[in-house]
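Enquirer: Fold the following.
(one chain, ligands or ions: 1)
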Amino acid sequence: MFFFDSTIFILIPAIILTLYAQYKIKTTYLKYSKILAKNGLNGKETAEELLSRHNLSNIKIEPIEGRLSDHYDPRQKKLGLSKEIYYGKSLAAQGIVAHEIGHALQDAKNYFPLSLRSNLVPVTNIGSRMAIPLFLIGFIFSSPALMDIGIIAFSLAVLFQLVTLPVEFDASKRAVNLLVGANIVSDTEEINSVKKVLSAAALTYVAATSVAAFQLLRLIVLRNRR
Ligand SMILES: [Zn+2]
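Expert: Numbering: from 1, shown residues only. Predicted coordinates for the structure are as follows:
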């Protein structure tokens, strides 16, 4: 993705933001994964409580491998929680569980950006894989048409990243409301801690979007130079 020439400098702010976002999520998660939530529930229990409150008990909760691999699968109606989160009793664990249930709620309520995002997945997968090779072939052989196809394909990847933002922000907003609404997290300090974990996670999506957007800008600059 990062072939080298002077336009690489266009990406530097986005790369710095990405490094900062990675640092931020790592340190924030580490901090709040050590602070136990006052209610004493583990991730699985938190999930069960929230799901049953919102009539979503049909959703299966499963411990999965990996670190921060937590996700909600709308096709299989499954909530995959990494073991650290599944068994964890920290504020970080509860925030992450509630965020994933936020996605389950989006799914249940047919939240438009989520379905748009799901529909974009197959198109974007092909698009983002083909974009740079097509562009490079067009660039090397001075074919504006091929470069344009590469740029259009890459735009789909950027669009996917853009649609991801409202989906993620909304899930985090729902997460806080879910935890407070269920009285799982109630005092201001705990609420703020959960918010910090979720904001740090959101920043990684903002960083990814900015890398994609600036990469698109870079392709356009390169094309116009040819
Ligand atoms: Zn999410």
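
Enquirer: If you average the pLDDT over stretch 46-63, what comes out?
Expert: Confidence for stretch 46-63, expressed as mean pLDDT, is 96.

Enquirer: ok now that stretch, how far from the chain's centre?
Expert: 21 Å (CA atoms, centre = their mean, to the nearest Å).

Enquirer: got the buried residues for that stretch?
Expert: 46, 47, 48, 49, 50, 51, 54, 56, 59, 61 (16 or more other CB atoms under 10 Å). All C-beta atoms are positioned from the backbone trio N, CA, C, and that covers glycine.

Enquirer: any idea what the third one is structurally, helix, strand or coil?
Expert: Each residue gets one of three states, and residue 48 gets helix by DSSP: H, G, I helix; E, B strand; the rest coil.

Enquirer: list the contacts for it?
Expert: 57, 61 (CB atoms under 8 Å, 6 or more residues apart in numbering).

Enquirer: is residue 63 in a bridge, and if so with what?
Expert: residue 81 (DSSP bridges).

Enquirer: Assess the claim that it and residue 81 are in contact.
Expert: Yes: if you go by CB atoms under 8 Å, residue 63 and residue 81 touch, sitting 6.0 Å apart.

Enquirer: The lowest-mean-pLDDT helix or strand in the chain: how far from the chain's middle?
Expert: When the helices and strands of the chain are scored by mean pLDDT, DSSP states H and E, helix 112-140 comes last with a mean of 91. Centre-to-centre, helix 112-140 and its host chain are 17 Å apart (CA atoms, centre = their mean).

Enquirer: continuing past it, what's the next helix or strand?
Expert: helix 144-181 (DSSP states H and E).

Enquirer: rewinding a little: anything in contact with each of residue 63 and residue 81?
Expert: residue 44.

Enquirer: if we can go back for a sec, who are the neighbours of the least confident helix or strand of the chain, in terms of helices and strands?
Expert: helix 91-108, helix 144-181, helix 188-225 (3 or more CB pairs under 8 Å, 6 or more residues apart in numbering; DSSP states H and E).

Enquirer: Can I get the shortest one as CSV, trimmed to CA atoms?
Expert: As requested, C-alpha coordinates have been extracted for helix 91-108 and formatted as CSV (Å, rounded to 0.1, in the frame of the first residue of the first chain):
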residue,chain,number,x,y,z
LEU,A,91,-14.6,-1.4,33.6
ALA,A,92,-12.8,-1.9,30.3
ALA,A,93,-14.5,-5.3,29.9
GLN,A,94,-17.9,-4.0,30.6
GLY,A,95,-17.5,-1.0,28.3
ILE,A,96,-16.4,-3.3,25.5
VAL,A,97,-19.3,-5.8,26.1
ALA,A,98,-21.8,-3.0,26.1
HIS,A,99,-20.3,-1.6,22.9
GLU,A,100,-20.8,-4.9,21.1
ILE,A,101,-24.3,-5.1,22.4
GLY,A,102,-24.7,-1.6,21.0
HIS,A,103,-24.1,-3.3,17.6
ALA,A,104,-26.6,-6.0,18.4
LEU,A,105,-29.2,-3.3,19.1
GLN,A,106,-28.3,-1.5,15.9
ASP,A,107,-29.0,-4.8,14.1
ALA,A,108,-32.2,-5.4,15.9
